[in-house]
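**Q** predicted model and sequence below, questions to follow.
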Amino acid sequence: MGERIHAYFVSLGLPDEEASKLHHHYYSQYGLAIRGLVRHHQIDPLDFDRKCDGSLPLEELLKPDPTLRALLQDIDRSKARVWALTNAYHTHASRVLRILQVDDLIDGIVFCDYSDPNFSCKPEPEFYHNAMAKVGMRDPSKCYFIDDSRANVEAARRLGWGHCVHFCERGLLHVEGGKPKYIGSDIHEGEDTSGIVAVSKLEELRAVWPEIFKE
């Protein structure tokens, strides 16, 4: 994904180094590189989606996850509904969920509508407000939310979402905004100033949120 996004920046006529810096800047400022591209370069977001997300060989990169499926099946649907909240377009999100074979366990998808040049994304407050409206939720204190971006989780917490968890696979190297980074390197041990729980495996949700799982 990082390579494709970098190539997209370069296709705008930017030198390699400048493309990398701008990619990281937009990701850091907006939470999503495409947000900066739409705002400052007037690109077609659907063209970006086709050349980046849409071009990924996901069938070669992902495989069905029985553990994740079992986790979702064990959620008591009389107590909670399960929605996917993503900064991707709906086509990419649907494709990922289908490959993982959990699409039938998701009630719906809240996505970035790239067909609208003024779309919102996490961690912008409007995204969370739109999510609540789409789900039909009025009380944010009853929202359960897990995300692999600390900034996205903190944004939900500020808006009063009551049960926020950071999925933090500490020590793994990933590319964030075009730059390699070790997950959790910016979080100190014992740090918990906002009431946000961090987990390294999704299975830990059974202990963190026992009230929404079947007995």
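**A** Happy to help now that I have it.
**Q** tally of neighbours for V96?
**A** 19 (other CB atoms under 10 Å). Backbone N, C-alpha and C define where each C-beta goes, glycine included.
**Q** phi, psi for it please.
**A** In terms of degrees, to the nearest 10, the main-chain angles of V96 are phi -60, psi -50.
**Q** check contacts around it.
**A** Contact analysis of V96 by CB atoms under 8 Å, 6 or more residues apart in numbering lists L58, L62, A88.
**Q** try N118
**A** So, once contact is read as CB under 8 Å, 6+ apart, N118 ends up touching nothing.
**Q** now it: how far from D47?
**A** As for N118, its distance to D47 is 17 Å (criterion: CB to CB, to the nearest Å).
**Q** and what of R39?
**A** Taking CB to CB, one finds R39 at 16 Å from D47.
**Q** then G108?
**A** 26 Å.
**Q** neighbours around E3, how many?
**A** Neighbour tally, E3, other CB under 10 Å: 10.
**Q** what are the phi and psi angles of it?
**A** According to degrees, to the nearest 10, E3 has phi -60, psi -40.
**Q** run the chain-centre distance for the longest helix anywhere in the chain.
**A** As assigned by DSSP state H, the longest helix anywhere in the chain is helix 16-30. Offset of helix 16-30 from its chain centre (CA atoms, centre = their mean, to the nearest Å): 18 Å.
**Q** looking at this structure, which helix or strand is least sure?
**A** strand 173-176 (a mean of 61; mean pLDDT, DSSP states H and E).
**Q** which stretches of this protein have low pLDDT?
**A** 171-194 (pLDDT under 70).
**Q** spatially speaking, which residue is in the middle of it?
**A** The residue lying closest to the centre of the chain (CA atoms, centre = their mean) is T86, at 4.6 Å.
**Q** before we move on, the earlier item: next structured bit after the longest helix of the chain?
**A** Toward the C-terminus, helix 16-30 is succeeded by helix 33-41 as the next helix or strand (DSSP states H and E).
**Q** can you give me the angle that following helix makes with helix 16-30?
**A** 100 degrees (axes from the mean of the first three to the mean of the last three CA atoms, to 10 degrees).
**Q** what's helix 33-41 packed up against?
**A** helix 2-11, helix 16-30, helix 45-51 (3 or more CB pairs under 8 Å, 6 or more residues apart in numbering; DSSP states H and E).
**Q** measure the residue lying closest to P125 once chain neighbours are set aside to E3 for me?
**A** Spatial nearest neighbour of P125, excluding adjacent residues (CB to CB, 6 or more residues apart in numbering): L159 at 6.1 Å. Counting by CB to CB, the gap from L159 to E3 is 34 Å.
**Q** A155 now?
**A** In terms of CB to CB, A155 sits 28 Å off from E3.
**Q** same question, A70
**A** 33 Å.
**Q** and if you look at L58?
**A** Taken as CB to CB, the span from L58 to E3 is 15 Å.
**Q** could you do E154 as well?
**A** 29 Å.
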